[in-house]
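> Sharing a sequence plus its predicted fold:
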Amino acid sequence: MGSMSHFIEGLQNERPVRFSAAQLRVFTKNYSHKVGSGGFGVVYRGRFPSGAPVAVKVLNSTLGKRAEEQFMAEVGTIGRTYHINLVRLYGFCFDAEVKALVYEYMEKGSLDRHLFDNSAPEKIAFDKLHEIAVGTAKAVRYLHEECAQRIIHYDIKPENVLLGAGLAPKVSDFGLAKLCDREDTHLTITGARGTPGYAAPELWMPLPVTHKCDVYSYGMLLFEILGRRRNLELGVQQQHEHGRETGGQEWYPRWVWHRLEAGETEAVLARARAADGKEREKAERVCMVALWCVQYRPEDRPSMGSVVRMLEGEDHIASPRNPFAHLAPYAAGSTPSGYTTTATTESGSSSARTGNGTGRSA
């Protein structure tokens, strides 16, 4: 506990407030409103005495040291930040009874519910999805380029993009995050980080790791925004729209590349449900930026600052090379053998040269 007690003492000069276990019971009405759960704990809705809604994330006590590591990662990173597109950490509780984090409450839930839940009452217009993509990119840009120390999130995915009033996006869940000095060009990490399907290939291999792993994960998120579906849907038969296959069991990022390579951009835009000329233009930008973000070599991926400029139409987007050239070829429209392994461990890595088509270094 020595390192933890030292860490807690160091928080006295940081923004988060330390709450007692008794205060958390009051905020949550004795933990009466559960809103979610995961491997690291349970999230409850509560209210401050002022009436402001909060989300109280109670860490799983059975995780022992892993719970402490997540606690330090979250408080030590997001506790130092403030950005309109980052979920705000109000405070924490760390004692023998409970270990918890107190965040602002995001009333619309996580992005995955809106993208993948077919029972959702209404589908988000693509123009709004583009706004969500840009807001998320600005959050990651802030972590990489605007904090005193660079913060690598390591787990960018739809479940970690929360939506508030007006569907304004905020990046959450810093349990895997890591601080690093800007002078550090590469990091050494112990154990795999990130979520299969979103984690960059270098995180699964004995390769140097940089902040560009977040760019890769963000690219995978863009593909799911573009297709309004999971990148890999096991057990789903090939679907058809306007006579065109829409991926089915194929890995969606590579399906998108094949369609563009064949000059069938219309099939991709139909899946995005872009309604008019402006929405279609935004969908095309999302598609091209996604292909750049998932390049196999980290140095070929753009910076998040460049990503924001390209998405907003400020920078020209050069035509990307095939990001999946290193993967075994297969007939378009078929499900490749051994595909599950490829999707979860190589996650659509990429291989093209050059950066962002902007004249700026990535």
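Right, received. Where do you want to start?

> For the rest of this, base every contact and every neighbour count on C-alpha atoms.
OK.

> for the residue nearest to residue 202 when sequence neighbours are not counted, which residues make a bridge with it?
Leaving aside its chain neighbours, residue 202 sits nearest to residue 209 (6.3 Å; criterion: CA to CA, 6 or more residues apart in numbering). With beta bridges defined as DSSP bridges, residue 209 has these partners: residue 187.

> Look up how far residue 304 lies from residue 209.
Look at residue 209 and residue 304: by CA to CA, to the nearest Å, they are 16 Å apart.

> Ok, residue 208 next?
For residue 208, the distance to residue 304 - CA to CA - is 19 Å.

> ditto for residue 312
The gap separating residue 312 from residue 304 is 12 Å, by CA to CA.

> same thing with residue 256?
As defined by CA to CA, residue 256 lies at a distance of 22 Å from residue 304.

> Helix or strand: which one has residue 258?
helix 252-261 (DSSP states H and E).

> quick one: which of residue 208 and residue 304 has more around it?
residue 304 (25 against 13; other CA atoms under 10 Å).

> can you pull the contacts of that one?
137, 138, 140, 141, 144, 215 (CA atoms under 8 Å, 6 or more residues apart in numbering).

> Those: which two are farthest apart?
The span of the contacts of residue 304, defined through CA to CA, is set by 138 and 215 at 11.8 Å.

> Torsion angles phi and psi at residue 171?
Phi and psi for residue 171, reported as degrees, to the nearest 10, are phi -80, psi 140.

> Low-confidence bits of the stretch 1-150 of the chain, can you list those?
The stretch 1-150 of the chain contains residues with pLDDT under 70 at 1-15, 39, 63, 121.

> What ranges does it have for its helices?
2-10, 21-27, 65-78, 111-116, 126-141 (DSSP state H, counting those that start in this stretch).

> Any idea how far stretch 261-278 is from the middle of the chain?
Chain-centre distance of stretch 261-278: 24 Å, with CA atoms, centre = their mean, to the nearest Å.

> what's the answer for stretch 153-164, then?
On CA atoms, centre = their mean, the centre of stretch 153-164 falls 4 Å from that of its chain.

> Show me what residue 89 bridges to in the sheet.
residue 103.

> Could I get the contacting residues of it?
16, 75, 78, 79, 101, 102, 103, 104.

> try 7 Å this time
Going by CA atoms under 7 Å, 6 or more residues apart in numbering, residue 89 touches 16, 78, 79, 102, 103, 104.

> what residue is smack in the middle of this structure?
The C-alpha lying nearest the average C-alpha coordinate of the chain belongs to residue 156 (CA atoms, centre = their mean; 2.0 Å).

> Okay, and the closest residue to that residue other than its chain neighbours sits in which element?
Using CA to CA, 6+ apart and skipping residues adjacent in sequence, the residue nearest residue 156 is residue 217, 5.5 Å away. Per DSSP H and E, residue 217 falls inside helix 212-227.

> pull the CA atoms of that helix into PDB?
Output in PDB follows, covering the C-alpha atoms of helix 212-227 (Å, rounded to 0.1, in the frame of the first residue of the first chain):
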ATOM      1  CA  LYS A 212      -0.200   6.300 -32.700                       C
ATOM      2  CA  CYS A 213      -1.900   3.200 -31.200                       C
ATOM      3  CA  ASP A 214      -4.800   5.500 -30.200                       C
ATOM      4  CA  VAL A 215      -4.900   6.700 -33.800                       C
ATOM      5  CA  TYR A 216      -5.400   3.200 -35.000                       C
ATOM      6  CA  SER A 217      -8.200   2.500 -32.500                       C
ATOM      7  CA  TYR A 218      -9.900   5.700 -33.500                       C
ATOM      8  CA  GLY A 219      -9.800   4.600 -37.100                       C
ATOM      9  CA  MET A 220     -11.600   1.400 -36.100                       C
ATOM     10  CA  LEU A 221     -14.200   3.500 -34.400                       C
ATOM     11  CA  LEU A 222     -14.600   5.600 -37.500                       C
ATOM     12  CA  PHE A 223     -15.300   2.500 -39.600                       C
ATOM     13  CA  GLU A 224     -18.100   1.500 -37.100                       C
ATOM     14  CA  ILE A 225     -19.600   5.000 -37.300                       C
ATOM     15  CA  LEU A 226     -19.400   4.800 -41.100                       C
ATOM     16  CA  GLY A 227     -21.100   1.400 -41.300                       C
END
